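> Sequence isn't available, so here's the structure alone:
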């Protein structure tokens with residue numbers, strides 16, 4: 001075992017000496033640190049760092065469990081969608097990603113009954129459309145007498161799910177509203 005030893009440290013009290021003056025020298029004993037103390041300090045620091053890492057692991061495990069739960073909920077929604085599609089219904093799912101990565105995404109959905117007209121014919125009505133006029137109003141119902149729920153501008157893209165029987169108004173699930181067929185064009 002290593003024992004502490006005293007080592008002399010020399011301080012010169014005056015650095016600039018004039019001719020004929022003697023330098024004043026003082027010695028102060030300083031105790032050398034015990035190696036066991038250093039090892040103990042290093043060990044304590046390592047244990048503390050391990051504790052911090054374990055806390056980070058626990059936080060990450062909690063995040064993983066939360067994400068697994070969210071994935072499970074989304075899988076359940078997909079199962080519901082598959083069942084709805086068998087019953088001639090459609091659902092739009094919206095996933096809003098948060099600005100802060102620590103927050104969970106917001107998931108919402110809306111379900112509506114599909115009419116047995118042209119929207120069930122592949123490529124006939126349903127699909128992505130773009131606004132071709134300078135402005136367009138989305139209305140609560142298929143006609144000009146319905147209240148405006150959203151205003152769109154040229155180039156905005158929308159998803160159309162169905163049309164009225166005359167195919168003159170298209171239903172937009174995102175806004176739960178209708179738009180005239182004359183002001184949109186199907187995106188290729």
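Good, I have the coordinates. The structure presented is a predicted model; accordingly, all values stated were derived computationally and were not measured.
> which residues touch the nearest residue to residue 139 once chain neighbours are set aside?
Residue nearest to residue 139 in three dimensions, not counting chain neighbours: residue 146, with 4.0 Å by Cβ to Cβ, 6 or more residues apart in numbering. For glycine as for every other residue, the C-beta is placed from the backbone atoms N, C-alpha and C. The contact partners of residue 146, by Cβ atoms under 8 Å, 6 or more residues apart in numbering, come to 139-140, 178.
> Assumed residue 146 was part of a strand.
No. Going by DSSP: H, G, I helix; E, B strand; the rest coil, the assignment for residue 146 is coil, not a strand.
> Could you report the distance from it to residue 75?
Separation of residue 146 from residue 75 (Cβ to Cβ, to the nearest Å) stands at 37 Å.
> just to revisit the earlier point, for the contacts of residue 146, give me TSV that also has secondary structure.
Putting the contacts of residue 146 into TSV (three-state DSSP) gives the following:
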residue	secondary structure
139	strand
140	coil
178	strand
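> now that we have these, which one has the most neighbours?
Sorting those by how many neighbours each has (other Cβ atoms under 10 Å) puts residue 178 first, at 24 neighbours.
> so that one sits right up against residue 163, yeah?
No. The criterion here is Cβ atoms under 8 Å, and residue 178 misses it with residue 163 at 9.0 Å.
> overlap in contacts of the two?
Counting by Cβ under 8 Å, 6+ apart, the shared contacts of residue 178 and residue 163 are 169-171.
> Residue 68: what secondary structure?
Strictly by three-state DSSP, residue 68 counts as helix.
> brain fart, residue 136
When classified by three-state DSSP, residue 136 comes out as strand.
> list the contacts for it?
151-153, 156, 179-180, 183-184.
> Need the max-distance pair from those.
Maximum pairwise distance among the contacts of residue 136 (Cβ to Cβ): 15.1 Å, between 153 and 180.
> Domain map for this structure?
Structural domains annotated on the chain: 6-12+25-88, 115-186, as defined by automatic domain parsing.
> could those go into CSV alongside distance to residue 99 and mean pLDDT?
Output for the domains of the chain, formatted as CSV (distance: least, Cβ to Cβ, whole Å; pLDDT from 0 to 100):
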stretch, distance to residue 99, mean pLDDT
domain 6-12+25-88, 17, 72
domain 115-186, 21, 85
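> so which of the ones you listed comes closest to residue 103?
That would be domain 6-12+25-88 among the domains of the chain, by Cβ to Cβ, at 10.5 Å.
> Residue 104: which of the contacts of residue 136 is nearest?
Nearest to residue 104 among the contacts of residue 136 is residue 156, at 28.6 Å by Cβ to Cβ.
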